[in-house]
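Undergrad: just the structure for this:
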Amino acid sequence: MKTRASSILLSLGLLLNVPLIALAETSEESEQPAAAEEVPATESVPLQEIRAFTEIFARIKNDYVDQVEDKQLLEDAIRGMLAGLDPHSSYLDQEAYQDLQEGTTGEFGGLGIEVGMEDGFLRVIAPIDDTPAAKAGVMAGDTIIRLDDTSIKGMSLSDAVAIMRGKPGSEITLTILRENIDKPVELTITRAIIKVKSVRTRTLEPDFGYVRIANFQSHTGNDLRTAIKSLKEDNPGLKGIVLDLRNNPGGVLSAAVAVSDAFLESGLIVYTEGRDDDSRLKFSARNGDLINGAPIVVLVNGGSASASEIVAGALQDHERAIIMGEKTFGKGSVQTILPMTDETALKLTTARYFTPNGRSIQAAGIKPDIVIDKVQLAAREEPLGIIKESDLSGHLENNGDDIAPDAADDIDGVPQESLATTDYELYEALNLLKGIVIMSRKN
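TA: Here you go, the predicted model:
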């Protein structure tokens, strides 16, 4: 036993001299690996702890009920080491690394859920718009406890994600715990190729626009500029927009900076702090506001995470927008991709990010300026017997030339009164936006 342990210890000692690889550009999920850079050893090797590790390794090799390959044991040890750090650091094998790279471009296979590990189970950060998960009714805050007949308990995040991915057209059943529901909910979802459209826009009312960002991909900044240009062409007198970041799980840091920069003339957007000099970065806005200072209401909720919180925090600190909705998720850390080989990598938390005013979002989130609880309204029928002036016999006619339009006029073919029942938060955001415009006229 001691001879084998000593042999393994020697091998591990050699491995300790292999240089790590770092990224020049810090990002939550970086798109491009950078050149290799040797990281000097600053502390002595803890020989006693390594000796304990190698002895346990040898014990498993000799005494475990089934034979396990050395490669599998070492990869599992790496996964366990990273899982002990925080919920977002992980080991990316060939498949996981490829999935990550595909995810930053907006097309990948799976269900369309952003998840994290919490208390041994999967917590849904947010379903992605127009994906099988969103259509099946998966909600931000759900806790997934089973995948088909397999319990999540004791499973690593990467293993759980691997199970949820699969051949398009195949089905998987998620068993979910949901707040305010006594019994677990079972949802059967059909896997599909996930093509995420990062930015969508539409006109809410004449001269009032809606911009929805589903997640932050490498091309989101350019997509936003194109979408705003189209929105302004349809509304030459654009008076304001609602920026919807609800259930946006985040994505690439550079995209969050680009979106913030699109609405700011100058000033700090976000800065990061970590142990390494390369993780201490500052990002500032360049001159030019795409909507020329028109008011913005930003919608957020508990599913708005990481890059979404960067945007909300920057616009809030610069008093460029009113943040409305629920407190956000609270992911204020930056993950850097450290390629280990051509096919594997580490996703390692390397920094925390801060809003322009120095607020850390980590585990705290962004508190809205105006809080709106989850509410669903139902249309109320007007009671019988209500009499208006126009119902009275002999009433005077309105001879005015400028008669106010009916509030129920259709906008883009959609009766406007339905917005209150279909999306109450957006309905309130639009009302606030119109109120800001009215008051600005008086000033």
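
Undergrad: from here on, contacts and neighbour counts on C-alpha atoms
TA: OK.

Undergrad: other SSEs contacting the helix ranked longest in the chain?
TA: For the chain, the longest helix by residue count, based on DSSP state H, is helix 424-442. Other helices and strands packing on helix 424-442, by 3 or more CA pairs under 8 Å, 6 or more residues apart in numbering; DSSP states H and E, are strand 240-244, strand 296-300, helix 419-422.

Undergrad: send me the shortest one as CSV with only the CA atoms.
TA: Output for helix 419-422, consisting of C-alpha atoms alone and laid out as CSV, is shown next (Å, rounded to 0.1, in the frame of the first residue of the first chain):
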residue,chain,number,x,y,z
LEU,A,419,-51.6,44.0,-21.4
ALA,A,420,-52.8,44.4,-17.8
THR,A,421,-54.0,40.8,-17.7
THR,A,422,-51.3,39.2,-19.8
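
Undergrad: re earlier: what's the most buried one of the helices and strands packed on helix 424-442?
TA: Among these, strand 296-300 has the highest mean neighbour count (mean count of other CA atoms under 10 Å), at a mean of 26.

Undergrad: ok, residues contacting it?
TA: Strand 296-300 is contacted from outside by 240-247, 312, 320-328, 368, 425-426, 429, 432-433, using CA atoms under 8 Å, 6 or more residues apart in numbering.

Undergrad: now do the helices in the stretch 201-350 of the chain.
TA: Ranges of helices in the stretch 201-350 of the chain, per DSSP state H, counting those that start in this stretch, are 220-234, 253-261, 307-317.

Undergrad: to R286, which of the ones you listed lies closest?
TA: Nearest to R286, of all these, is helix 253-261, at 6.5 Å by CA to CA.

Undergrad: in PDB, could you pull the C-alpha coordinates for that closest one?
TA: Presented in PDB, the C-alpha positions along helix 253-261 are these (Å, rounded to 0.1, in the frame of the first residue of the first chain):
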ATOM      1  CA  LEU A 253     -19.500  40.100 -19.500                       C
ATOM      2  CA  SER A 254     -18.500  42.100 -22.600                       C
ATOM      3  CA  ALA A 255     -22.100  42.000 -23.900                       C
ATOM      4  CA  ALA A 256     -23.400  43.400 -20.600                       C
ATOM      5  CA  VAL A 257     -20.800  46.300 -21.000                       C
ATOM      6  CA  ALA A 258     -22.000  46.900 -24.600                       C
ATOM      7  CA  VAL A 259     -25.600  47.000 -23.600                       C
ATOM      8  CA  SER A 260     -25.000  49.500 -20.700                       C
ATOM      9  CA  ASP A 261     -22.700  51.600 -23.000                       C
END
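
Undergrad: max-length strand in this protein?
TA: For the chain, the strand with the greatest residue count under DSSP state E is strand 345-354.

Undergrad: now the longest helix of the chain: how far from the chain's centre is it?
TA: Offset of helix 424-442 from its chain centre (CA atoms, centre = their mean, to the nearest Å): 27 Å.

Undergrad: cool, stretch 222-239 as well?
TA: Here stretch 222-239 is found 24 Å from its chain centre; the criterion is CA atoms, centre = their mean.

Undergrad: likewise stretch 193-208?
TA: Put simply, stretch 193-208 sits 17 Å off its chain's centre (CA atoms, centre = their mean).

Undergrad: and the contacts of it?
TA: With CA under 8 Å, 6+ apart, stretch 193-208 has contacts from 106-112, 128-131, 168, 209-217, 220, 223-224, 227-228, 231, 235-242, 411-412, 430.
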